[in-house]
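K.L.:
got a sequence here, can you model it:
(2 chains)
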Amino acid sequence: MRAACMRIDAVGRPGEGQMIDVDQLTKQYGSLTAIDGVTFRVEPGEVLAFLGPNGAGKTTTMRILTGALPATSGHARVAGFDIDESPLEVKQRIGYLPESPPLYPEMTVTEYLRYVARIKGVGRRGVRQAIDQAVERCALGQVRGRLIGNLSRGYRQRVGLAQALIHDPPVLILDEPTGGLDPKQIIEIRELIKTLAGAHTVILSTHILPEATAICQRVVIIHKGRVVAVDTPGRLAAQLRGSEQVRVALRRPTAALHAAVAALPGVLAVSPGEPARHDGAAVWVIDCERGRDVREAVAGAIVATDGGLVELSAMAMSLEEVFLQLTTDAPARVDGEPFDDPVPSGPAHLSGDAP
Amino acid sequence: MSKLAAICSRELRSLLVSPIAAVCVAMFLLVTGYLFYTIVIAASVQARMMLRMQQMAPQLNINEMVLAPALRNFSVILLLIVPLLTMRSIAEEKKQKTSEQLLTSPVTVAQIVLGKYVAVLALYGVMLGLTLYMPLLLARFGPVAWWPVASGYIGLLLVGGVFLAVGLLASSLTENQMIAAVTSFSILLVLWLLGWVGASTADLQFGSFLTYLSLLEHLNNFLAGLIDTKDVAYLLGLIAVGLFLTHRVVESQRWR
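P.N.:
Numbers count the residues shown, from 1 in each chain, chains lettered A, B, ... in the order given. A predicted model of the protein is given here:
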């Protein structure tokens, strides 16, 4: 006990300056290690994204932070309070939106929010104001009096967000806040989260890279229970956009053109690519030197020989490949250190959500 | 305290909104009403016979002939119905993942368990109170001794309190309502049957020990108008054990 006190004296108040301080957090379910030595910090007012494929340990980390789950080892502090030593103090300061919003279908939105406000310790006089504020922030005015069971998925998600916000907590932990929503709703929720930044410290989890880029100041990439990178989305996105391959489709491919493109400076190889196009145009994947944009030169060469260019696009590394690389090649990479070797080993496609 | 009240009132609300509670209360009143009717008929036939033999007339007693047997029978019906009142309370929270919210809110596990217990106890109290029409009805036709009635109802309240605590424990063990109901019903049945086993055991000491453990044995004194601290301690103790175990189960489920 004395040693602990002395240590705290030496470094000032625990976690001072940091709203959230996670240190070597490990969680084991029997022999399965869900998260392993997760360490990161979040500054007050920051929006931080947990990025990772399903099963990476995002939800486990969040559940430990909210006190729903105890860690096997390691420490987590929220606003200076240790989650194991003073769980109620921590819970008082956290608003949590689990993956599936914790809603009672038999209650109306207002009734539900009143209940949540009361168990979160909002004073009797403040309850009405807290409800009004949460309803307004989450644009729930139209459905206030309706039963939660009759609401659409998008509204339920917003009610979930409203219950996390109701006691105006300094920290918000949102587990996949845009999961299962339509594009318009996703944009609305993202806008809402952006307005929360500054006044609240937000941790959200997602497996969609552009989402992290759009709303977060910092990204923690977590894979197989380990933190593999902590960086700003700008730098991360730049790394991911650092396209090493160009995909072209052309109607009149010739051997001469193939040779011409392959001879362009910066081009390493030209190979037939997948997927084939339904209109019959040939697809080539052009490997090029890292950090060199050959698209203009390639386009010029094809147009000059009347190759019938119908498509030209840079191929980014998919998220999975970044993970693969980060977990196999490099140790944990923190804030701005470059990747050791980000050249992808094969053709990569980022389907759908390209950054 | 306000948090406990919030949990309690939400629980009550969802109980009242769901058809389960309504059906349970209705069925309870129907069955107890029918039982009461048959007991009254049987008692009146017996009373007429006793009146023919003049010397037995002073032994006619509404409490002993009607109310005590009726309340004793109610306890068995309660044993069947109470598990249905408690089966959803914690199991449903787990199934709908709303338990996640309770566990991440600044409330203690004790507040959660007590809030839920008080809610089902309140509903049970109302359900039991609705049978008060029986002594009131009888009082119109003859003298009713009110103290034995009061102590009988206190006994039923305490025994029902044990049923509810056991039901809550069963509900905390699973996220399936049916399993919760069957589990609590089985535990209560065993507690009830202990008395029968005790009565038929050759070893007298062990037999009386088993009889003491049996839940409904403790109702007899209450029905006779006697509030014995031994019975009160036994029933309150069982309630405390049930709630404590529920607390431990809810707490331990965080660790999984």
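K.L.:
the stretch 51-200 of chain B against chain A: which residues are in contact?
P.N.:
The stretch 51-200 of chain B comes close to chain A at residues B:96-108, as judged by CB under 8 Å from any CB of the partner chain. Bear in mind the C-beta positions are built from the backbone N, C-alpha and C, glycine included.
K.L.:
mind running it again at 10 Å?
P.N.:
Residues of the stretch 51-200 of chain B lying near chain A by CB under 10 Å from any CB of the partner chain: B:92-93, B:96-108, B:111-112, B:115.
K.L.:
buried members of those residues into ChimeraX, please.
P.N.:
Of those, the buried ones go into a single ChimeraX selection, burial set by 16 or more other CB atoms under 10 Å in any protein chain shown:
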select /B:92,93,96,98,99,100,101,102,103,104,105,106,107,111,112,115
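K.L.:
looking at the residues of the stretch 51-200 of chain B next to chain A, which are in helices?
P.N.:
Among these, the residues falling in helices (DSSP state H) are B:92, B:93, B:99, B:100, B:101, B:102, B:103, B:111, B:112, B:115.
K.L.:
show me where chain B has helices.
P.N.:
Going by DSSP H, chain B shows helices at B:2-17, B:19-52, B:62, B:68-86, B:91-95, B:99-103, B:109-129, B:133-139, B:146-172, B:177-200, B:204-213, B:219-223, B:229-253.
K.L.:
dump those to TSV, plus mean pLDDT.
P.N.:
Compiled in TSV, the helices of chain B are given as follows (pLDDT from 0 to 100):
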stretch	mean pLDDT
helix B:2-17	92
helix B:19-52	91
helix B:62	81
helix B:68-86	91
helix B:91-95	91
helix B:99-103	90
helix B:109-129	95
helix B:133-139	91
helix B:146-172	94
helix B:177-200	88
helix B:204-213	81
helix B:219-223	88
helix B:229-253	93
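K.L.:
okay, the ones you listed in JSON lines with distance to residue A:48 next?
P.N.:
Below are these laid out as JSON lines (distance: least, CB to CB, whole Å):
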{"stretch": "helix B:2-17", "distance to residue A:48": "30"}
{"stretch": "helix B:19-52", "distance to residue A:48": "44"}
{"stretch": "helix B:62", "distance to residue A:48": "74"}
{"stretch": "helix B:68-86", "distance to residue A:48": "42"}
{"stretch": "helix B:91-95", "distance to residue A:48": "30"}
{"stretch": "helix B:99-103", "distance to residue A:48": "21"}
{"stretch": "helix B:109-129", "distance to residue A:48": "30"}
{"stretch": "helix B:133-139", "distance to residue A:48": "63"}
{"stretch": "helix B:146-172", "distance to residue A:48": "35"}
{"stretch": "helix B:177-200", "distance to residue A:48": "39"}
{"stretch": "helix B:204-213", "distance to residue A:48": "57"}
{"stretch": "helix B:219-223", "distance to residue A:48": "60"}
{"stretch": "helix B:229-253", "distance to residue A:48": "29"}
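K.L.:
could you list the low-pLDDT ranges of the stretch 201-350 of chain A?
P.N.:
Residues of the stretch 201-350 of chain A that meet the criterion pLDDT under 70 lie in A:234, A:236-244, A:275, A:290-291, A:316-350.
K.L.:
leaving out chain neighbours, which residue sits closest to the residue nearest to the spatial centre of chain B?
P.N.:
Residue closest to the average C-alpha location in chain B (CA atoms, centre = their mean): residue B:160, at 1.7 Å. Spatially, and ignoring its direct neighbours in sequence, residue B:160 is nearest to residue B:124 (5.1 Å; CB to CB, 6 or more residues apart in numbering or on different chains).
K.L.:
how about that neighbour, what does it touch?
P.N.:
With contacts defined as CB atoms under 10 Å, 6 or more residues apart in numbering or on different chains, residue B:124 is in contact with B:21, B:24-25, B:28, B:78, B:81-82, B:85-86, B:156-157, B:160-161, B:163-164, B:167.
K.L.:
so residue B:143 versus residue A:302, what's the distance?
P.N.:
According to CB to CB, to the nearest Å, residue B:143 stands 110 Å off from residue A:302.
K.L.:
if you could redo that for residue A:173, that was the one I meant.
P.N.:
For residue A:173, the distance to residue A:302 equals 50 Å [CB to CB].
K.L.:
can you check residue A:144 too?
P.N.:
Counting by CB to CB, the gap from residue A:144 to residue A:302 is 59 Å.
K.L.:
so for these two, which residue has more residues nearby?
P.N.:
Comparing residue A:144 with residue A:302 by other CB atoms under 10 Å in any protein chain shown, the one with more neighbours is residue A:302, at 22 against 14.
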